[in-house]
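[1] just need the structure, nothing else, for what follows:
(2 chains)
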Amino acid sequence: MNRAERVRWFAREVLPHEGAVRSWLARRVRGLRHCDVDEIIQEAYARLWAAEIERISNPRAYFFVTVRHLVGEALRRSRIVAIETLADVDSLNIVDEGGGPERRVSGREELGRLLDVLDRMPRKCRWAFELRKLEGCSQRETAERMEVSENTVEKHLVKALKIIMEVTSATAAEEDWSNHSDQARRKRR
Amino acid sequence: MIKRAAKGDSIDSAAAAWTVRLDRGELSAEDRQSLERWLQEDQRHLGALVRAQAIWSDLDRVAALRAGTGASAAQAPGRHRLSVVRWALPLAASLLIAIGISSFYAFQHGRFVSGRGQVRHITLADGSSVALDTDSVIRVRYTPQERAIFLRAGEASFQVAHNTQRPFIVHAEDVTVRAVGTNFAVSVRDKEVQVVVAQGTVEVRRIHSASGGVPRLVHHDQQLVDDRARPLQVAPLQPAEVERKLAWRRGLLIFDGENLAEAAAQVNRYAATPVVIDDEALGSRTFVGIFRVGASKAFADSAAAAFDARVVAQGGAYHLRLPP
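    Numbers count the residues shown, from 1 in each chain, chains lettered A, B, ... in the order given. Below you'll find the predicted structure:
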């Protein structure tokens, strides 16, 4: 697999599970100073990138296991005996957490999210993004169409991508929020 | 914690910047060095870059769900900058001014035509606005008693300014659609009239029917179909379906489980270069995606990517076929 193929593999096999991983993670490391969800996710991507991905038969499970190792490492480094968290990590049942395609967000939801994201982009940023991503113009063509420099197009696109990345993280945070409320309710009982 | 979060965020910013730079083409030697340095600073930088690139690449997928397993959305784009600019401007009126089309269309009588691939937004004298879908024709006749629109062909959607004294009536084939203040669309295709109501209620009657033109009420999130053969049919629609059916007003086509053949037929209504599906099995695959009207190439590429097909440009069309 070359680099571009590898990136597509990540888009297809890893990215769709990020929300579930984040929300699982956030529930377990909340309040632990040495575990930041964004950082662990970044580390997990780095580890997965280095892995022999051709041999990964269940990327979702692999993603969870990687994150679990990272949490374990972080906890050991911190020398904080967070017994509950560790126990929880050890009892993590990937099969239960895992799931097939039916666990993926539906195409309809994805479309809805994309439309929402477009609405959040500033005007020119959205225009650049649409030309590049939806119309398939190169950055140079986008610049010509917008009658601006390529550097300006690049700035707009970076902004668009950042908005999308934020939404990708925030979507997981919402899921986490609802899970958290469930937990809170259970505790009260 | 905040400090850490802020740090994570600045990594994401850098990752986004590198992703877009890489998307531009080959890196300069200087950039390559600088990227290497950044990657070596921290293992997480690589992870953030991979993630950013995955997200960027994911946007290229056409939003095609293979029979429900989950793919995502790419869109196709307005070939004209007009349509892109339009999105940002909520008011049709300011829109017309902004894009330099004469805004003096607001007279009471007139004929409005949209060409193939064109979606036109028109503001009428009373403040009502009309969106005209591709290849459509309306005639407007306002009198002190009545605001009459004649839909001659295609589809038009109306955001009606409220005025109980002066009803807003759309004539299409042998039905009339009467609204007081509402948001709805009427289409005529092969003599079949469809009415989709997004907001409020409209009253539909047949002019020449034996039933004496008993009106049918169509409420929001409902659709009425008049195929002439049967009585007027009213059916409920999901709000998402309404949005999808009216997405052309925003210059978009939204597909959600249509088969590829139907989706292509819709795309072709706007396209200068049509999409032809050579393979019957391919035509029956279901499809999810958002495209800009007129972007038939983007549609063909997306469908090809989703279903492992090929696009062959031939004889003024994009042919989609499965590899032998």
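
[2] helix or strand: which one has whatever residue of the stretch 201-324 of chain B ends up closest to chain A?
    Residue nearest to chain A within the stretch 201-324 of chain B: residue B:288 (3.6 Å; C-beta to the nearest C-beta). No exception for glycine: its C-beta is placed from N, CA and C like everyone else's. For residue B:288, the host element (DSSP states H and E) is strand B:286-292.

[3] after that strand, which helix or strand is next?
    Following strand B:286-292 in sequence, per DSSP H and E, is helix B:296-307.

[4] can you pull the buried residues of that next one?
    B:296, B:297, B:298, B:299, B:300, B:301, B:302, B:303, B:304, B:305, B:306, B:307 (16 or more other C-beta atoms under 10 Å in any protein chain shown).

[5] what sits closest to residue A:118 if chain neighbours are left out?
    Distances taken as C-beta to C-beta, 6 or more residues apart in numbering or on different chains place residue A:126 nearest to residue A:118, at 5.8 Å, with adjacent residues excluded.

[6] which residues in chain A form helices?
    A:3-13, A:18-29, A:37-50, A:59-78, A:83-90, A:94-97, A:107-120, A:123-129, A:139-146, A:150-188 (DSSP state H).

[7] neighbours around residue A:26, how many?
    By the criterion of other C-beta atoms under 10 Å in any protein chain shown, residue A:26 has 19 neighbours.

[8] that one contacts residue A:37, correct?
    Yes - contact criterion C-beta atoms under 8 Å: residue A:26 and residue A:37 qualify, at 5.3 Å.

[9] buried set for stretch B:264-281?
    Here stretch B:264-281 shows B:264, B:266, B:267, B:268, B:269, B:270, B:271, B:274, B:275, B:276, B:277 as buried, counting by 16+ other C-beta under 10 Å.

[10] just the pLDDT at the fifth one, thanks.
    According to the per-residue confidence, residue B:269 scores 90 in pLDDT.

[11] just list the residues touching it, thanks.
    By C-beta atoms under 8 Å, 6 or more residues apart in numbering or on different chains, the residues touching residue B:269 are B:116, B:134, B:135.

[12] which of these has the most neighbours?
    That'd be residue B:134 among the contacts of residue B:269, by other C-beta under 10 Å, with 21 neighbours.

[13] help me confirm that it is found in a helix?
    No - counting by DSSP: H, G, I helix; E, B strand; the rest coil, residue B:134 is not part of a helix but coil.

[14] give me phi/psi at the closest residue to it other than its chain neighbours?
    Among residues not flanking residue B:134 along the chain, residue B:270 sits closest, at 4.6 Å (C-beta to C-beta, 6+ apart). For residue B:270, the backbone dihedrals are phi -110, psi -10 (criterion: degrees, to the nearest 10).

[15] domain-wise, how is chain A divided?
    Domain assignment of chain A by automatic domain parsing yields the ranges A:3-103, A:107-188.

[16] equivalent analysis for chain B, please.
    B:2-58, B:85-243, B:251-321.

[17] centre-most residue in chain B?
    By C-alpha atoms, centre = their mean, chain B has its centre lying nearest to residue B:252, at 1.9 Å.

[18] hey, what's the closest residue to it other than its chain neighbours bridged with?
    Leaving aside its chain neighbours, residue B:252 sits nearest to residue B:290 (5.7 Å; criterion: C-beta to C-beta, 6+ apart). Beta bridges link residue B:290 to residue B:254, judged by DSSP bridges.

[19] residue B:222 against residue B:238, yeah?
    No - when contacts are counted by C-beta under 8 Å, residue B:222 is not listed as touching residue B:238 (10.8 Å).
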